[in-house]
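J.: turn this into a model:
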Amino acid sequence: MKRLAKVIGVLGGIAALVWAMRDRFISVAASREPVPPTFRTAPDPPSPPVDAIEGIGPVFAQRLTAAGIDNVSRLAGSSPDFVAEAAGVSGARARTWIDLARKH
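T.: Predicted coordinates for the structure are as follows:
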């Protein structure tokens, strides 16, 4: 009977110790949260060259490419003044090209 009392006392002591340190165990476990998964996505399709826009021929395309505007998405993001200066056209024509590029 004394052995049973000792075993119960030891188990009770262990249980009390675990109960007292439960916050420590929980905080350590909570800090190791899994990293959320990353998903692979298909790359964006390449943007067509600037000569895909109506009114931009090989000469204007060469001028725009020399200025760093080599595809439709870059043309759509450019300012009309920069496009007009780079291609040597009027601001109205440059705005038309940019509008067409944004719709493309």
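J.: and the pLDDT at the spatially most central residue of the chain?
T.: Among the residues of the chain, the one closest to the centroid is residue 41, at 10.7 Å (C-alpha atoms, centre = their mean). Note on residue 41: pLDDT of 85.
J.: for the lengthiest helix in the chain, what does the pLDDT average out to?
T.: In the chain, assigned by DSSP state H, the helix with the most residues is helix 2-20. Mean pLDDT, computed over helix 2-20, is 86.
J.: list the contacts for the residue nearest to the centre of the chain?
T.: By C-beta atoms under 8 Å, 6 or more residues apart in numbering, the contact list for residue 41 is empty. Every C-beta, even on glycine, is put in place using the N, C-alpha and C of the backbone.
J.: what's the answer for residue 86, then?
T.: Here residue 86 is in contact with 63, 64, 66, 67, 69 (C-beta under 8 Å, 6+ apart).
J.: A helix includes the second one, no?
T.: Right, the one you point to is residue 64. Yes. Assignment of residue 64 by DSSP: H, G, I helix; E, B strand; the rest coil places it within a helix.
J.: and the helices in this structure?
T.: For the chain, the helices defined by DSSP H occupy 2-20, 22-30, 58-66, 72-76, 80-87, 91-103.
J.: those helices: which one's closest to residue 48?
T.: Closest approach to residue 48 among the helices of the chain (C-beta to C-beta): helix 72-76, 5.1 Å.
J.: name the surrounding residues that touch that closest one.
T.: 47-50, 52-53, 64, 68-69, 83, 97-98, 101-102, 104.
J.: looking at these, which is nearest residue 16?
T.: For the contacts of helix 72-76, the nearest to residue 16 is residue 47 (68.6 Å; C-beta to C-beta).
J.: re earlier: determine which of the helices of the chain approaches residue 37 most closely.
T.: Closest to residue 37 of the helices of the chain is helix 22-30 (C-beta to C-beta; 19.7 Å).
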